[in-house]
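Peer 1: sequence and predicted structure are below.
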Amino acid sequence: MHSNFILRGHVLSYSASPFETQTPEEAVVVSAAVALAEGRIVGCGTFEEMKALQPQAEVIDHGARLILAGFVDAHVHYPQTAIIASWGKRLIDWLNSYTFPEEMRFGDAAYAQEIAERYLDLTLANGTTTVCSFATIHPESVDAFFTAAKARGQRVVTGKTCMDRNAPEGLRDTVQSAYDDSKALIERWHGVDRLEYAITPRFSPTSTPEQLAAMGALWSEHPECLMQTHLSEQLDEIEWVKTLFPQARDYLDTYEEFGLLGARGLYGHAIHLQERERHRLREYGAALVHCPTSNTFIGSGLFDMAGLMAEGQRIGLATDTGGGSSFSMLRTMAAAYEVGQLRGRPLHAAELIWLATQGSATALRMEDKIGNIAPGMEADLVVLDLSSTPAIAQRSARAADLWEAVFPTLMMGDDRAVTEVWVNGQRQ
Ligand code: GUN
Ligand code: ZN
């Protein structure tokens, strides 16, 4: 069996962030071919150059298709797969009505395994090769997810979601069990193959100050781990946080005070931020994760992409399934574009693709491994058909340039546009 390949097509890679160059297009290099060997990208350039690099490689010709780094979804809840698209609630009611009853089921290892596999099948079909997921309070839910991802060779992140208050009986841990279980899971899984553990306090309303402090202590003992949580998603939620933490200066302070603000921290949503919070997030180089389909679906608000990028924040893009309404990062880019429009800043296709690949990889502190097509990077790729439906095909047929050919797929595409997915140099 071959382990060396050359893929021909429009290979898109980034030499810089399109948010930092004069024009977004300038950040992009389009090559005619990419060479893979032993799970890594070994080069991109002309077909002749790649052929000279790897004369024996199997050649796969994708013609006019687009070849990108695999999508990176920086904030998801795999246990919410079966309750995606649940009607009519806002955040706190949505959690209580739909999410918590479903998450209760993940103490059953067989159910956790079934959903973990279903979730990874769905997301791989959508071209997503890396995700950073919340699990449930049950260690079994972490074992199930890592086991399923390991079998697929995927680079993923997850962690046991910690909650010791404001959650139903059966879905609460304690200060001690959250610490002990999380620590045991770090020791079992962190750094195994491509798996990484994230310390995961769900959000400050569902943890006592003592539990947040224990999570902060655990993070200081394991600074190699990411830490993921939620921040300032909905106005009602922020009011609730104020009553639960009356001394806190703002929502971020409920994390900061307990050692839960750091460069390897991931803060989902981050919509309704105060000046002080923005300043501190920037100072620490923490990552904000934009979840546009979720923010419109649950009615949370409009992320300030332009303002936050301008002040140099680290920003990733995510579906937030099942609060988000899609498993597809293409649908998520479309929603990010629409949210941008509602805030007066239309994002360019080069910016949207960057957010869904390198932006999210940078948020996860994995930009040296995934999220771009460059020598030495792990070979996670997605191949997109830019004419995947009649509606898209008739629009891209009119395109004057590559960006105009790409944009209809970002706005109207879904898993039908995903022709091929590569994980760690293996075609799926
Ligand atoms: N805040 C706390 N938990 C959740 C969750 O599961 N989904 C979303 N969207 N927000 C949250
Ligand atoms: Zn979330």
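Peer 2: Happy to help now that I have it. Ligands and ions are numbered 1, 2, ... in the order given.
Peer 1: from now on I want contacts and neighbour counts done on CA atoms only, so please keep to that.
Peer 2: Will do.
Peer 1: so how far is the first residue of stretch 380-390 from its last?
Peer 2: Start to finish, the residues bounding stretch 380-390 are 28 Å apart (Cα to Cα, to the nearest Å).
Peer 1: in that stretch, what counts as buried?
Peer 2: By neighbour count with 16 or more other Cα atoms under 10 Å, stretch 380-390 contains the buried residues 380-388.
Peer 1: now, which of those residues lie within strands?
Peer 2: Counting by DSSP state E, the buried residues of stretch 380-390 place 381-384 in strands.
Peer 1: nearest residue to residue 303 other than its sequence neighbours?
Peer 2: residue 271 (4.9 Å; Cα to Cα, 6 or more residues apart in numbering).
Peer 1: just the pLDDT at that neighbour, thanks.
Peer 2: In this model, residue 271 is scored at 98, pLDDT.
Peer 1: could you measure from it over to ligand 1?
Peer 2: 12 Å (Cα to the nearest ligand atom, to the nearest Å).
Peer 1: got a list of what that residue touches?
Peer 2: Counting by Cα atoms under 8 Å, 6 or more residues apart in numbering, residue 271 makes contact with 231-234, 300-304.
Peer 1: kindly report the same for residue 264.
Peer 2: By Cα under 8 Å, 6+ apart, the contact list for residue 264 reads 223, 225-227, 286-287, 364-365.
Peer 1: so which residues on the protein come close to ligand 1?
Peer 2: With Cα under 6 Å from any ligand atom as the criterion, the chain meets ligand 1 at residues 202-203, 230, 323.
Peer 1: so which of those residues is the most crowded?
Peer 2: Among these, the one with the most neighbours (other Cα atoms under 10 Å) is residue 323, at 27 neighbours.
Peer 1: so it makes contact with residue 297?
Peer 2: Yes - if you go by Cα atoms under 8 Å, residue 323 and residue 297 touch, sitting 7.2 Å apart.
Peer 1: could I get the top helix by length along the chain in CSV with only the CA atoms?
Peer 2: For the chain, the helix with the greatest residue count under DSSP state H is helix 109-125. What follows is helix 109-125, C-alpha atoms only, in CSV (Å, rounded to 0.1, in the frame of the first residue of the first chain):
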residue,chain,number,x,y,z
ALA,A,109,-20.3,3.6,28.0
ALA,A,110,-22.0,1.8,25.1
TYR,A,111,-24.2,4.9,24.4
ALA,A,112,-21.2,7.2,24.7
GLN,A,113,-19.3,5.0,22.2
GLU,A,114,-22.3,5.0,19.8
ILE,A,115,-22.6,8.8,19.8
ALA,A,116,-18.8,9.4,19.7
GLU,A,117,-18.6,7.3,16.5
ARG,A,118,-21.7,8.9,15.0
TYR,A,119,-20.3,12.3,15.7
LEU,A,120,-16.9,11.6,14.2
ASP,A,121,-18.5,10.0,11.1
LEU,A,122,-20.7,13.1,10.6
THR,A,123,-17.9,15.6,11.1
LEU,A,124,-15.4,13.7,8.9
ALA,A,125,-18.0,13.6,6.2
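Peer 1: helix 109-125 and the helix or strand that it is followed by, what's the angle between them?
Peer 2: As assigned by DSSP states H and E, the chain's next helix or strand after helix 109-125 is strand 128-134. Here strand 128-134 runs at an angle of 140 degrees relative to helix 109-125 (axes from the mean of the first three to the mean of the last three Cα atoms, to 10 degrees).
Peer 1: show me what strand 128-134 is packed against.
Peer 2: strand 71-77, strand 156-159, strand 418-423 (3 or more Cα pairs under 8 Å, 6 or more residues apart in numbering; DSSP states H and E).
Peer 1: since that was my last question, I'll sign off now.
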